[in-house]
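A.B. asks: my questions are about this predicted structure, shown below with the sequence.
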Amino acid sequence: MPGENTTLAVMVEDLCVLGCLLESAPTLEIQQECDFALTWKDREFKTSAVVAWRGEQGQVGLEFRNTEPANKQLLREACADFLMKPLVRLSKDHR
């Protein structure tokens, strides 16, 4: 987080070139600025981000900001290498 030396380990549930979904990050607030880093195949992706939204179960949506072109390319390569989530059929009771 800008101005602080706090590191928060998080579980990334979904990732794309625009941002990510964190499974839980209870200390982050909406509109809070932070730095996001991810190591993939011994390479590090780093960018600034802002908390775009918070879910009721503690999920947090980060929007990446001002990502440098080289970092954006690394993120594209990483996303292309990940497995897609399988589609799940909703139950008949879900409306």
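C.D. replies: Received, thanks. On a predicted model such as this, the values are computed, not experimentally measured, just so you know. Numbers count the residues shown, from 1 in each chain.

A.B. asks: what about the residue nearest to residue 17 when sequence neighbours are not counted, neighbour count?
C.D. replies: Closest residue to residue 17 apart from its sequence neighbours, by Cβ to Cβ, 6 or more residues apart in numbering: residue 75 at 5.4 Å. Any C-beta I mention is one placed from the backbone N, CA and C, and that applies to glycine too. Here the number of neighbours of residue 75 (other Cβ atoms under 10 Å) works out to 21.

A.B. asks: going forward can the numbers begin at 54, since that is how I track them
C.D. replies: Sure, I'll start numbering at 54, so the last one becomes residue 128.

A.B. asks: and the helix or strand hosting residue 128, what does it pack onto?
C.D. replies: Using DSSP states H and E, residue 128 sits in helix 122-134. Secondary-structure packing of helix 122-134 (3 or more Cβ pairs under 8 Å, 6 or more residues apart in numbering; DSSP states H and E): strand 65-68, strand 86-93, strand 96-107.

A.B. asks: rewinding a little: quick one: residues contacting the residue nearest to residue 70.
C.D. replies: The contact partners of residue 128, by Cβ atoms under 8 Å, 6 or more residues apart in numbering, come to 68, 70, 91, 98, 120.

A.B. asks: likewise residue 99?
C.D. replies: 88, 89, 90, 124.

A.B. asks: in this structure the second one contacts residue 71, no?
C.D. replies: This means residue 89. No - Residue 89 is not in contact with residue 71 according to Cβ atoms under 8 Å; the separation is 12.0 Å.

A.B. asks: nice, that's everything, thank you.
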